[in-house]
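1. The sequence and its predicted three-dimensional model are supplied below.
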Amino acid sequence: MAVTKNFSVCLFIFFICVGSSLTNQEKKNDDSEEFVPSNEWKEIQPGQKVPSGLHYRINLSTGKKEAKIIEEEDDNDEKTSRNFVIQEFSDEVKSPVDVNEMEEFLKEVNKKDPGKDMPKKFRTLDEIKKDLKDVQLHPKTDVEILKELFEIFDEEEKKKNPDDNVILNIIKDIKHIGHQIDNGNEFYKMDGFRKIIYKKLNSTNPVVKQETLILFATLAQNNPTVKIHILESGGITTLLRILNLEKNENIKKSALTALSCTLRTFPYAQNQFFTIGGLKIFTELFKSESVKLKLKIVTLLSDLIVERQKNTDHFENHELVDIESEFYQLGWCQYLSELLSDLMIIDLSDFDSIEKCLVAMKTVSKCKHSFNKKDLLNLQHQYQVLFTRNNIEGENYYKYLMELIVEILNETSKDEL
């Protein structure tokens, strides 16, 4: 009985001690839950409550979260620290990801078929080629482009009412690549002059007609093979007919340009031009056309004369028509004098036009006695006053003009003596 009583007392004392110890431990844990910040970085223990308004970071060396009181002078330094990553929290350190939420998320992901939106297999090379059959993986050659343009042109011409805009675009596209000699040769080999150029030179649409003449000139310029084809296919006669019958001045200018590109450095074509009466047609044009067209005619004829005078080797094996003699017989000496007078009346400061006229007058030696000496002296005087009074820039150019006038006057004076 006494033993049982003593055992009960001992057991009571034991529970009191254990309870006291647990109470102290709980108090200790309660104290540790409150984080006490300082001016130095201090590790945050798991479960501790952290007050707001502190600097927080994760120490990359230890992987632990740390915090300290914000100090202004430390703010910039901490942001540029190489050893730590600074994270600023609003009220407390963010809690770890909720495991239950993560499990639910993964369950939803697993429900989806990852291959649902993916192709079942990789496509074969043949399948890829089939899909890309209409895609141009390599740029077309100019010859391929020409062939396509010819096909489009033929299809359009077969229509009851061909669209002039389509035709214009084709002509412009050919012109874009036709300046290259090889492309020009391909164009004529594909019978382009008969199928397109000569056909569209008969168009009633003046824009189509003019663009065709521009293409004509582009193909002929500096291309001997094309020039021969033009000569053999009657191109010079076609151009002269347009110059003789056409009323539209812009079309006439374009025809003259095409003719010029064909005749230059081509003795056979020049001979044909004079033989079939080209200079006579020019003479009729000169009597009635505008000053600009007259200047183009004079410039072409002057250039042809100079070309024969300078490039004797190029023309030595050819029996040439005497341009100067025909020039003189058809009264061109007087026409040149009249042109200079007109230019002086219209605009004395149009130096470029006056220069072209003076060069032509100087070139035709048989006309030197026919020029109006009074006009030349008047021009010399006016230019001298103009250049001296206004101190115009480009002194060398105007000196050159004055020398041209003097040379023509000297030739005229020699003839009088």
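-> Thanks, I have it.
2. can we go C-alpha only for contacts and neighbour counts from here?
-> OK.
3. you'd agree Lys65 is up against Glu43?
-> Yes. Counting by C-alpha atoms under 8 Å, Glu43 is a contact partner of Lys65 at 5.9 Å.
4. Now for the nearest residue to Ile181 once chain neighbours are set aside, how many residues are close by?
-> For Ile181, ignoring the flanking residues on the chain, the nearest one in space by C-alpha to C-alpha, 6 or more residues apart in numbering is Asn223 at 6.0 Å. Asn223 has 18 neighbours, counted by other C-alpha atoms under 10 Å.
5. Kindly report the same for Lys287.
-> By other C-alpha under 10 Å, neighbour count at Lys287 equals 10.
6. Which of the helices or strands spans Lys68?
-> strand 65-69 (DSSP states H and E).
7. Give the pairing partners of that strand; include direction for each.
-> strand 42-43 (antiparallel), strand 54-59 (antiparallel) (DSSP bridges).
8. so how far is Thr388 from the residue nearest to Ile181?
-> 46 Å (C-alpha to C-alpha, to the nearest Å).
9. do the same with Ala360
-> 26 Å.
10. who's more crowded, those two?
-> Between Ala360 and Thr388, Ala360 has the larger neighbour count (other C-alpha under 10 Å), namely 22 against 10.
11. wait, doesn't the more buried one sit right on Leu300?
-> No. Applying C-alpha under 8 Å as the test, Ala360 and Leu300 come out as separate, 9.4 Å apart.
12. So which elements touch the helix or strand that contains Glu151?
-> Taking DSSP H and E as the criterion, Glu151 maps to helix 142-157. Applying 3 or more C-alpha pairs under 8 Å, 6 or more residues apart in numbering; DSSP states H and E, one finds that helix 142-157 contacts helix 164-178, helix 181-189.
13. For it, buried residues please.
-> Neighbour counts over helix 142-157 (16 or more other C-alpha atoms under 10 Å) mark 142, 146, 149-150, 153, 156 as buried.
14. ok, of these, which one's closest to Asp163?
-> Glu156 (7.1 Å; C-alpha to C-alpha).
15. which residues touch that closest one?
-> Glu156 makes contacts with 162-163, 166-167, as judged by C-alpha atoms under 8 Å, 6 or more residues apart in numbering.
16. hang on, Ile251 in a helix?
-> Yes. Counting by DSSP: H, G, I helix; E, B strand; the rest coil, Ile251 is found in a helix.
17. what's the pLDDT at it?
-> You'll see Ile251 listed with a pLDDT of 97.
18. Ok, Lys64 next?
-> At Lys64, pLDDT is 75.
19. In this structure it contacts Lys42, no?
-> No. Counting by C-alpha under 8 Å, Lys42 is not a contact partner of Lys64; they are 9.8 Å apart.
20. Those two - which one has more neighbours?
-> Lys42 (18 against 14).
21. check contacts around that one.
-> Lys42 neighbours (C-alpha under 8 Å, 6+ apart): 66-68.
22. distance of it from Glu156?
-> 87 Å.
23. now swap in Leu146 and tell me
-> Counting by C-alpha to C-alpha - Leu146 and Glu156 are separated by 15 Å.
24. all strands of the stretch 201-350 of the chain, in order?
-> Assigned by DSSP state E, counting those that start in this stretch, the strands in the stretch 201-350 of the chain number zero.
25. and the helices and strands packed on helix 142-157 as TSV, adding distance to Ile236, mean pLDDT and mean neighbour count?
-> Formatted as TSV, those follow (distance: least, C-alpha to C-alpha, whole Å; pLDDT from 0 to 100; neighbours: other C-alpha atoms under 10 Å):
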stretch	distance to Ile236	mean pLDDT	mean neighbour count
helix 164-178	19	96	17
helix 181-189	16	96	18
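26. Out of the ones you listed, which gets nearest to Asp375?
-> So among the helices and strands packed on helix 142-157, helix 164-178 is nearest, using C-alpha to C-alpha, at 43.7 Å.
27. residues making contact with that closest one?
-> 142, 146, 149, 152-153, 156, 183-184, 187, 205, 208, 211-212, 214-215, 218-219.
28. One more: stretch 320-336?
-> Counting by C-alpha under 8 Å, 6+ apart, 267, 271, 274, 279-280, 283, 286, 305, 357, 360-361, 364, 366-367, 370-371 sit against stretch 320-336.
29. Considering the residues you listed, which possesses the most neighbours?
-> Counting by other C-alpha under 10 Å, top hit in the contacts of stretch 320-336: Met361 with 25 neighbours.
30. so how far is Leu376 from that residue?
-> 11 Å.
31. Same check on Leu215?
-> Leu215 is 40 Å from Leu376, by C-alpha to C-alpha.
32. Of those two, give the one with the bigger neighbour count.
-> Leu215 (22 against 19).
33. Not counting sequence-adjacent ones, nearest residue to the more buried one?
-> The nearest residue in space to Leu215 (C-alpha to C-alpha, 6+ apart) is Lys175, at 5.3 Å.
34. Out of the contacts of Lys42, which end up buried?
-> 66-68.
35. need the contact list for Ile69.
-> Counted by C-alpha under 8 Å, 6+ apart, Ile69 has contacts 37-40, 53-55.
36. mind running it again at 6 Å?
-> 38-39, 54 (C-alpha atoms under 6 Å, 6 or more residues apart in numbering).
37. Return the set of residues that bridge with it.
-> Leu54.
38. how close does it sit to Asn222?
-> Ile69 is 87 Å from Asn222, by C-alpha to C-alpha.
39. And Asn248, by the same measure?
-> Distance from Asn248 to Asn222, by C-alpha to C-alpha: 27 Å.
40. Counting neighbours, go ahead and name the busier of these two.
-> Neighbour tally, Asn248 and Asn222, criterion other C-alpha under 10 Å: the higher count belongs to Asn222, 18 against 12.
41. What pLDDT is listed against the more buried one?
-> For Asn222, pLDDT reads 92.
42. Quick check: closest non-adjacent residue to it.
-> Using C-alpha to C-alpha, 6+ apart, the closest residue to Asn222 is Cys261 (7.5 Å).
43. got the contact list for the one you found?
-> Per C-alpha under 6 Å, 6+ apart, neighbours of Cys261: 217, 220-221.
44. want to throw the residues you listed into JSON lines with neighbour count and distance to Asp352?
-> Converted to JSON lines, the contacts of Cys261 look like this (neighbours: other C-alpha atoms under 10 Å; distance: C-alpha to C-alpha, whole Å):
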{"residue": "Ala217", "neighbour count": "23", "distance to Asp352": "23"}
{"residue": "Ala220", "neighbour count": "28", "distance to Asp352": "26"}
{"residue": "Gln221", "neighbour count": "22", "distance to Asp352": "23"}
